[in-house]
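Engineer: From the sequence below, what's the structure:
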Amino acid sequence: MRIAKRDDWKTEPMPSESTKIALEKLYSQEEFDRITAGVIPEQMEDKWFIFYEAPWIYLHRSWTGFCIFKVRFEVVGDSVKIAEVQVRNED
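Structural biologist: The predicted model follows:
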């Protein structure tokens with residue numbers, strides 16, 4: 001399986017103005033490994049480019065490259081939890 005990296009797609013940074021949202025979710029290490037593998041679009045219908053740079057996962061719209069979400073993770077024992085979520089404010 002190919003792991004997505006920032007340089008695999010055109011990306012725009014998350015604006016400095018963003019909104020934090022509360023979200024509580026715990027993942028097993030196996031689930032977290034699948035999440036951090038990311039997604040590289042392969043066809044027009046694939047709407048997201050997703051990659052992980054510890055401790056953040058970045059979710060970009062594939063057509064524009066705009067960063068829409070950033071999710072920060074923390075290790076808790078044998079699991080990984082969402083510590084923070086930021087969402088892009090409307091321009």
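Engineer: Partner strands of the helix or strand of the chain with the lowest mean pLDDT, with direction?
Structural biologist: Within the chain, judged by mean pLDDT, DSSP states H and E, the helix or strand with the poorest mean is strand 18-21; its value is a mean of 92. Take DSSP bridges as the rule and strand 18-21 pairs in its sheet with strand 79-88 (antiparallel).
Engineer: Do me a favour and average the pLDDT over the partner strand.
Structural biologist: The predicted model gives strand 79-88 an average pLDDT of 97.
Engineer: same thing with stretch 61-73?
Structural biologist: In this model, stretch 61-73 has a mean pLDDT of 96.
Engineer: re the thing from before, chain center to the least confident helix or strand of the chain, what's the gap?
Structural biologist: A distance of 14 Å separates the centroid of the chain from that of strand 18-21, by Cα atoms, centre = their mean, to the nearest Å.
Engineer: which outside residues touch that strand?
Structural biologist: Counting by Cβ atoms under 8 Å, 6 or more residues apart in numbering, strand 18-21 makes contact with 70, 84-89, all of which sit outside it. Every residue, glycine included, has its C-beta placed from N, CA and C.
Engineer: and if we set it to 6 Å?
Structural biologist: Outside of strand 18-21, the residues within contact range by Cβ atoms under 6 Å, 6 or more residues apart in numbering are 85-89.
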